[in-house]
Structure formats: C-alpha cells, structure tokens
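Undergrad: here is a sequence with its predicted model. Questions after.
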Amino acid sequence: MAPNLHYPYQFDGRGHTRTEAHAEWIRGLVEQVLFTAPGERVMRPDFGSGLRQLIFAPNSDELAATTQVLAQGALQQGLGDLIILESLQVQATGETLTVTVRYLVRLTGEPAEHTFDHGGVA
C-alpha cells in the first residue's frame with residue numbers, strides 16, 4: 001500500500017515527506033472534500049462541496065439543508081471507495097454552520113466521527 005501523504009504537504013523531523021496514519025489521512029481527505037470548491041482542483045472539476053464558500057452566506061435552516069445534500073453527494077462521489085458514509089448532519093446555530101460526519105473506513109471497518117465548522121475542525 002502506498003504511503004498516506006500528510007496534507008498540506010510537509011516534511012517530518014528527518015527531512016522526509018510527512019505521512020499520516022490511515023485514519024488521520026482519511027479525516028484529512030474528508031476535510032478536503034468539504035472545504036474544496038467544485039472547479040478548484042485541476043482536472044477534477046466535480047471534486048469538493050464548496051463549504052468554505054458559505055462563510056459569508058446568511059445562515060439559515062435552508063442553507064443547512066442545501067449544504068447537507070451537497071456535502072453528502074460530494075463525500076460519496078469523492079471518497080466512496082475509501083469510506084462508507086453513515087450520516088452527515090448540518091446544523092445552523094447562530095452564526096455557525098456545523099457539519100458532523102460519521103463514517104466507516106472501508107479498509108479497516110473502523111468508525112469515525114468528525115465535526116467541522118466555518119473555521120475548520122471544531
């Protein structure tokens with residue numbers, strides 16, 4: 001199996017390319033899908049959900065519902081071969097839009113849950 005490169009690209013203490021454990025690598029990929037805008041990646045125009053672009057959008061239940069559909073589709077399309085998406089919940093509270101993702105890592109069957117907001121990981 002190929003090494004799981006850390007994102008963003010960094011060097012480790014020995015001067016080698018930094019790698020991640022499989023579970024952390026998958027978490028990083030989930031974050032990339034959520035915060036990458038469609039069309040932002042070269043040769044991957046459909047990659048991403050565009051959550052980062054919503055920072056200045058007015059927060060509402062409608063925005064949360066739309067975000068949930070977009071993010072769920074983006075995760076299933078972009079990472080469907082690596083994770084089994086169990087649930088994705090988007091909650092609009094005050095000024096914050098919070099996304100909670102629950103999934104199983106296909107390779108290990110290990111469950112994971114992560115919460116993201118406009119500023120990154122909560």
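TA: That came through fine. Numbers count the residues shown, from 1 in each chain.
Undergrad: ignoring the adjacent residues along the chain, who's closest to residue 87?
TA: residue 102 (4.6 Å; Cβ to Cβ, 6 or more residues apart in numbering). C-betas here are computed from N, CA, C, even on glycine.
Undergrad: just confirm the one you found is within a strand.
TA: Yes - Residue 102: assigned to a strand according to DSSP: H, G, I helix; E, B strand; the rest coil.
Undergrad: for it, give me the pLDDT.
TA: You'll see residue 102 listed with a pLDDT of 98.
Undergrad: cool, residue 67 as well?
TA: pLDDT at residue 67 comes out at 85.
Undergrad: distance of it relative to residue 77?
TA: 16 Å (Cβ to Cβ, to the nearest Å).
Undergrad: neighbour count for those two, which is higher?
TA: Between residue 67 and residue 77, counted using other Cβ atoms under 10 Å, residue 67 has the larger neighbour count: 22 against 13.
Undergrad: quick one: contacts for the more buried one?
TA: Each residue near residue 67 by Cβ atoms under 8 Å, 6 or more residues apart in numbering is listed here: 49, 51, 54, 90, 97, 99.
Undergrad: just among the residues you listed, which is most surrounded?
TA: residue 49 (26 neighbours).
Undergrad: for stretch 106-115, list every residue counted as buried.
TA: 112, 114 (16 or more other Cβ atoms under 10 Å).
Undergrad: what lies in contact with it?
TA: Against stretch 106-115 from outside (Cβ under 8 Å, 6+ apart): 22-23, 26-27, 30-31, 81-84, 86, 98-105, 121-122.
Undergrad: what sits against residue 48?
TA: 32, 33, 34, 35, 36, 37, 38, 39, 40, 41, 74, 78.
Undergrad: roughly how far does residue 50 sit from residue 71?
TA: 9 Å.
Undergrad: and the strands in the protein?
TA: 83-93, 96-105, 111-117, 120-121 (DSSP state E).
Undergrad: tell me what angle the helix ranked longest in the chain forms with strand 111-117.
TA: Looking across the chain with DSSP state H, the single longest helix is helix 61-79. Relative orientation of helix 61-79 versus strand 111-117 (axes from the mean of the first three to the mean of the last three Cα atoms, to 10 degrees): 130 degrees.
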